[in-house]
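Asks: Sharing a model prediction with you, sequence too.
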Amino acid sequence: MKTLNIVLGLLLFIAGAAAFFYILNMESAPVANTEEHGLSDPAAAEYERGPHHGRLLRSGEIALEITIFESGIPPEFHIFPFIAGKPLPPEELALTITLHRFGGRADVITFKPKDDYLLGQQIVAEPHSFGVEVKATFENQTHEWHFESYEGRTSMTEAVALQAGIEYAVAGPVKVSDSIELPGEVALDADRLVHITPRLSGVAREVHKSLGDTVHKNELLAVIDSKELADIKSEYLAAVERRDLAQSRYTIESDLYEKKISAELEVLKAGQVLAEAGINVRSARQKLQSLGLSDEAITSARQGERSFTRYELISPIDGTVIEKHLAVGEAVQEAVDCFVVADLSRVWVKTVVYAADLKHVRAGQQAIVRSADLDITAKGTVSYIGELVGQETRAAHAIVELPNPDGLWRPGLYVTVELIDKTELELPIAVPSDAIQEFRDWSVVFMRDGDLYEICPVEIGRTFGDWVEITSGLEAGVRYVSKNSYIIKADIEKSGATHDH
């Protein structure tokens, strides 16, 4: 029983001690302020923190807690001074901080006292990646600290970068052509489209082409039997026979007149009959021609080589059968489409140009057409701009002619049309679109200095084809990654090179 009491006493003692140390640690741990953070180097060991969760620097009895405040305002330094562990009135301390940034730039921050801290008088520009030099003077004694706080930085040897396909450029002015992007739709070229219709009624006897077939100019598509055609051919042949008879009589009368056997009046009468017969032949022939019969077909009919009822549907162009409305044995009415043939080697892209953009568009202008669905691009030319602006859309129609030798641009396909203005603009700073990446909530490019790479947050302006205007952040003369920049981003994210926001 005595042994049991001793064991129970020891267990209670251990439990109490554990609770005591737990409470002690809870009370002594610094509480993070969501509006302030300290400077950190993720690659370095954890540093000592102060009561505001900032980096604590010590020199004898003097200590400085460094924080950056950035809640709803541009980032600024708040420095809390201490002496012998107690707050030191900020007006008793003189302080400067020098930030040594990527590429040799140095930012000098001066301070003024405010409440219980020293307030930095300059904005701490992003990124918060720098070597930090701190100088504080208290009672004629100077204290100095040096440490590094990097984010968005990595290193890569030249050989590795070359193998990865990373390319570089120097920031500076770029000449670009202005452009606008408009929605469009691929359509058939109306100048390369034919509707093939019979010009008389009949019954389909032969059909030689099907939907999607390729046809050539003057190729036979179908044959129709037409009684109406037979009547017109008969009329033509009868007219030809009457003309031939009239020609013979005129020849005989002329010969008799020359021999003084017949009077001149008979020659004149024969000539008049011959002229009228000729007119009838020409009229009958033109009827056949108006039905689409060629001279060869008319001659063949006269010589009896073809059936009087045979009416041929012929393709007048090279192209593809995109519509077919005919089957063998089907009754056919005149002026009804039997085939539609389109030359798809060139297509139209129909687009709308908004009123505000009309001044940038003109006939003959170069256009770049892109299909996101097919991932293809081609160059075309503006051939037409509508004269009218729609009252509801406030836009005019425009047509871009687009070569289509491989048939990839199918009518009905939605595309994006980029119209390029040949007037050149010079942008003070511009980079290829491949150079820009998203990092945290910034758009960045990656600066290079030897084997070191670091993010450079930028403000983006207009886009001109493959070029992107940089309105702020990147300075002229800075060397940056222009191609395959995503590799640098991935290397930075893999190393976790960000500060503790």
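Replies: Nice, I can see it. Numbers count the residues shown, from 1 in each chain.
Asks: The longest helix along the chain: what's the following helix or strand?
Replies: For the chain, the helix with the greatest residue count under DSSP state H is helix 227-258. Downstream of helix 227-258, the next assigned helix or strand under DSSP states H and E is helix 264-290.
Asks: the inter-axis angle of that next one versus helix 227-258?
Replies: Angle of helix 264-290 versus helix 227-258, following axes from the mean of the first three to the mean of the last three C-alpha atoms, to 10 degrees, is 160 degrees.
Asks: Could you export stretch 275-288 as CSV, CA atoms only?
Replies: Included here for stretch 275-288 are C-alpha records, laid out as CSV according to Å, rounded to 0.1, in the frame of the first residue of the first chain:
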residue,chain,number,x,y,z
ALA,A,275,-31.4,35.7,-144.3
GLU,A,276,-34.6,34.9,-142.4
ALA,A,277,-33.6,31.2,-142.2
GLY,A,278,-30.2,32.3,-140.8
ILE,A,279,-31.9,34.4,-138.2
ASN,A,280,-34.0,31.4,-137.1
VAL,A,281,-30.9,29.2,-136.8
ARG,A,282,-29.2,31.7,-134.7
SER,A,283,-32.2,32.2,-132.5
ALA,A,284,-32.6,28.4,-132.0
ARG,A,285,-28.9,28.0,-131.3
GLN,A,286,-29.0,30.8,-128.7
LYS,A,287,-31.9,29.0,-126.9
LEU,A,288,-29.7,25.9,-126.6
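Asks: quick revisit: tell me which residues in the longest helix of the chain are buried?
Replies: 228-230, 232-233, 236-237, 239-240, 242-243, 246, 249-250, 253, 257 (16 or more other C-beta atoms under 10 Å). The C-beta positions use only the backbone N, C-alpha and C, and glycine is treated the same way.
Asks: And for Phe82, the neighbour number?
Replies: 17 (other C-beta atoms under 10 Å).
Asks: my read: it touches Ser59, true?
Replies: No - counting by C-beta atoms under 8 Å, Phe82 stays clear of Ser59, with 11.0 Å between them.
Asks: ok, which stretches of the stretch 1-150 of the chain are strands?
Replies: 36-37, 55-59, 62-69, 76-83, 86-87, 94-100, 106-114, 117-120, 130-138, 141-149 (DSSP state E, counting those that start in this stretch).
Asks: Need the residues that contact the fifth one.
Replies: Pointing back at strand 86-87 there. 80-81, 116 (C-beta atoms under 8 Å, 6 or more residues apart in numbering).
Asks: got a list of what Thr342 touches?
Replies: Heads up, residue 342 is Ala, not Thr. 188-189, 192-194, 319-320, 322.
Asks: can you rerun that using 6 Å?
Replies: By C-beta atoms under 6 Å, 6 or more residues apart in numbering, the contact list for Ala342 reads 188, 193, 319-320, 322.
Asks: can you check His325 too?
Replies: By C-beta under 6 Å, 6+ apart, His325 lies in contact with 337-338.
Asks: Please tell me how far it sits from Glu167.
Replies: As defined by C-beta to C-beta, to the nearest Å, His325 lies at a distance of 57 Å from Glu167.
Asks: what's the answer for Glu475, then?
Replies: 20 Å.
Asks: same check, this time on Val332
Replies: Note on Val332: its distance to Glu167, by C-beta to C-beta, is 65 Å.
Asks: How about Leu427?
Replies: 20 Å.
Asks: can you pull out the strands in the stretch 301-450 of the chain?
Replies: Ranges of strands within the stretch 301-450 of the chain are 310-314, 319-324, 331-332, 339-342, 346-354, 366-371, 376-385, 395-403, 414-427, 430-432, 437-439, 442-449, based on DSSP E, counting those that start in this stretch.
Asks: Tell me which of those strands lies nearest to Glu144.
Replies: strand 442-449 (25.8 Å; C-beta to C-beta).
Asks: Now do that closest one: everything it contacts.
Replies: In contact with strand 442-449 (C-beta under 6 Å, 6+ apart) are residues 102-103, 168, 431, 435-437, 453-458, 460, 474, 478-481, 485, 488.
Asks: about what we covered before: out of Leu427 and Glu167, which sits in the busier spot?
Replies: Neighbour totals were compared for Leu427 and Glu167, and Leu427 leads with 19 against 15 (other C-beta under 10 Å).
Asks: Surely that one touches Gly172?
Replies: No - using C-beta atoms under 6 Å, Leu427 is not in contact with Gly172, being 9.6 Å away.
Asks: Residue ranges in this protein under the pLDDT threshold?
Replies: Residue ranges of the chain with pLDDT under 70: 1-45, 301-306, 390-392, 422-423, 496-501.
Asks: how about a cut-off of 80?
Replies: Confidence mapping of the chain against pLDDT under 80 gives the ranges 1-46, 177-179, 262, 293-307, 356, 359-360, 388-394, 420-424, 465, 495-501.
Asks: quick check: domain ranges of it?
Replies: 1-29, 36-150, 155-173+428-495, 180-189+344-426, 227-308 (automatic domain parsing).
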